[in-house]
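**Student:** 3D model of this:
(chains A, B, C and D)
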There are 2 protein chains.
Amino acid sequence: MQIFARDGYSNASIAEVASTVGLTLPGLLHYFPSKTSMLLAVLELRDQQSQRWLGQGPATLEAAMLAPPVPWQQLLGQLRMINRANAAIPGVVRAFSLLNTESLTEHHPAQEWFSRRSTLVLGQVSRSLHQALERGEIADGIDPDQIAAEIMAMMDGLQVLWLRRPQQVDLVRYFDAYLDRLQAALQR
Amino acid sequence: MQIFARDGYSNASIAEVASTVGLTLPGLLHYFPSKTSMLLAVLELRDQQSQRWLGQGPATLEAAMLAPPVPWQQLLGQLRMINRANAAIPGVVRAFSLLNTESLTEHHPAQEWFSRRSTLVLGQVSRSLHQALERGEIADGIDPDQIAAEIMAMMDGLQVLWLRRPQQVDLVRYFDAYLDRLQAALQR
DNA sequence: GTCTATATGCGGATAGAC
DNA sequence: GTCTATCCGCATATAGAC
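**Tutor:** Predicted coordinates for the structure are as follows:
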């Protein structure tokens, strides 16, 4: 994770990972047979972490999509908490910001993972808002898909800007301010 | 630009650039003495393009920061137009999205360029809003720096999401919807 | 201005000893 | 389980002929 955070995936050298953990390259490759398998292990680690954050939710991502939607106020609260937690682990955020765009290239081993992640996040937010619409909890004319994409774009975009200018960009305060305004607009 | 758009910078091979334009590698290096110089040429090209978009504005970026701020409504209109233009050139957007995060790594040759770009964009938006505040054109309690970072994060974040899911994410409509709501909130 | 040939280095991965 | 030695490919860049 440290090396991927510093160099991204394709630019990282697993030989350096090996020496960092006090092994030679073949020694490390005994545990992870290829560079790709190392990356997938890191992504899997993140999946486990996410599940811990989201508490006692459904076990698999598919199950989460099938379960009844989370109330929208609660969901936005969860996103605030995730963002807050992210602000304390810039290395992890860095790794995933780099991997996120890097995985836009063809045949990238993390492509599936990020595609899946966006499907999940967009889907969850969209479904929550859709439910709120049906119940008349939020204003008509709201497009759940648009709002969902907006929120995800803001989270990821703010992270990149924060990584570039940590002194000027306050990740927590800025995201909260954005969500405050969004919530006010939705409720109207 | 094509090759950088497909592979990013460090992953791109200038030998492939050479063969794409019908040259051998040394033939290409006759014009661009190094890979880095090619990248800088691409960035410079983008600078020229930006200047054309922003019309008859100040010639240099420094001059733009010293000139009186653009009225905020007009500035947001310019951002809408830039976003609209971007939607027609996914290859360029792709190249710069990849380079943007890639340049977060140390010693990356595009680091300065993107750092400078963020300084400029954040500064311009922030100054416009600051002026509007002084004139009482927008609501008190607005933080110009926060709003500026928000807008830039949204532009860059939406681009990445759009590149990943072009079918689901409508770059123009989503950004306009976001700015509509932001403008309404500012004016209140 | 463009080429062939080459220098040089680093990358991931494997063979096989211990 | 970890090592040394090695293979192989691809990268940027250079030398020097034409």
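**Student:** Give the buried residues for whichever helix in chain A runs longest.
**Tutor:** Scanning chain A for the helix with the most residues, using DSSP state H, yields helix A:111-134. For helix A:111-134, the neighbour count (16 or more other CB atoms under 10 Å in any protein chain shown) marks A:111, A:113-114, A:117-118, A:121-133 as buried. In this view, the C-beta of every residue, glycine as well, is placed from N, C-alpha and C.
**Student:** Can you give me the distance of the residue nearest to A:A18 when sequence neighbours are not counted to DNA strand C?
**Tutor:** Distance criterion CB to CB, 6 or more residues apart in numbering or on different chains; nearest residue to A:A18, sequence neighbours excluded, is A:L28 at 3.9 Å. For A:L28, the distance to DNA strand C equals 9 Å [CB to the nearest atom of the strand, to the nearest Å].
**Student:** From the contact counts, what lies against the longest helix of chain A?
**Tutor:** If contacts are counted by 3 or more CB pairs under 8 Å, 6 or more residues apart in numbering or on different chains; DSSP states H and E, helix A:111-134 sits against helix A:61-66, helix A:72-86, helix A:144-164, helix B:144-164.
**Student:** Of all those helices, which one is nearest A:E16?
**Tutor:** helix A:144-164 (21.1 Å; CB to CB).
**Student:** follow-up on the earlier one: quick check, the residue nearest to A:A18 in contact with A:G22.
**Tutor:** No - the pair A:L28 and A:G22 does not pass the contact test of CB atoms under 8 Å, sitting 9.7 Å apart.
**Student:** Looking at the two, which has the bigger crowd around it?
**Tutor:** When A:L28 and A:G22 are compared for neighbours, A:L28 comes out ahead with 19 against 8, by other CB atoms under 10 Å in any protein chain shown.
**Student:** how distant is the helix or strand encompassing the more buried one from the center of its chain?
**Tutor:** Assignment of secondary structure by DSSP states H and E places A:L28 within helix A:25-29. Distance of helix A:25-29 from its chain centroid, counting by CA atoms, centre = their mean, to the nearest Å, is 30 Å.
**Student:** For it, which outside residues touch it?
**Tutor:** With CB atoms under 8 Å, 6 or more residues apart in numbering or on different chains as the contact definition, helix A:25-29 has outside contacts at A:14-15, A:17-18, A:21.
**Student:** want to try TSV for those, with neighbour count as columns?
**Tutor:** Converted to TSV, these look like this (neighbours: other CB atoms under 10 Å in any protein chain shown):
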residue	neighbour count
A:I14	16
A:A15	13
A:V17	19
A:A18	18
A:V21	12
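**Student:** Alpha carbons of stretch A:103-119, as CSV, please.
**Tutor:** This file holds the C-alpha atoms of stretch A:103-119, laid out as CSV (Å, rounded to 0.1, in the frame of the first residue of the first chain):
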residue,chain,number,x,y,z
SER,A,103,-7.4,2.0,-13.8
LEU,A,104,-9.2,3.9,-16.6
THR,A,105,-6.5,2.5,-19.0
GLU,A,106,-7.2,-0.7,-20.9
HIS,A,107,-6.4,-4.0,-19.3
HIS,A,108,-5.6,-2.5,-16.0
PRO,A,109,-5.9,-5.1,-13.2
ALA,A,110,-7.9,-2.8,-11.0
GLN,A,111,-10.4,-1.8,-13.6
GLU,A,112,-13.0,-4.3,-12.5
TRP,A,113,-12.6,-3.3,-8.9
PHE,A,114,-13.2,0.4,-9.5
SER,A,115,-16.0,-0.2,-12.0
ARG,A,116,-17.7,-2.3,-9.4
ARG,A,117,-17.1,0.2,-6.7
SER,A,118,-18.7,3.0,-8.7
THR,A,119,-21.7,0.8,-9.5
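**Student:** Please point out which parts of stretch A:29-38 sit buried.
**Tutor:** Quick answer for stretch A:29-38 (16+ other CB under 10 Å): A:29, A:32, A:35, A:38.
**Student:** Indicate the residue of chain A located nearest to DNA strand D.
**Tutor:** Chain A approaches DNA strand D most closely through A:G27 (2.5 Å), counting by CB to the nearest atom of the strand.
**Student:** So which elements touch the worst-scoring helix or strand of chain A on mean pLDDT?
**Tutor:** When each helix and strand of chain A is scored by mean pLDDT, DSSP states H and E, helix A:61-66 comes last, with a mean of 80. Counting by 3+ CB pairs under 8 Å, 6+ apart, the packing neighbours recorded for helix A:61-66 are helix A:111-134.
**Student:** what is the mean pLDDT for the helix it packs on?
**Tutor:** What helix A:111-134 shows for mean pLDDT is 97.
**Student:** Contacts made by it with the rest, please.
**Tutor:** Outside helix A:111-134, the residues that reach it (CB under 8 Å, 6+ apart) are A:40, A:43, A:61, A:64-65, A:69-72, A:75, A:79, A:99-100, A:103-104, A:138, A:140, A:142, A:144-145, A:147-149, A:151-152, A:186, B:161, B:164-165, B:168.
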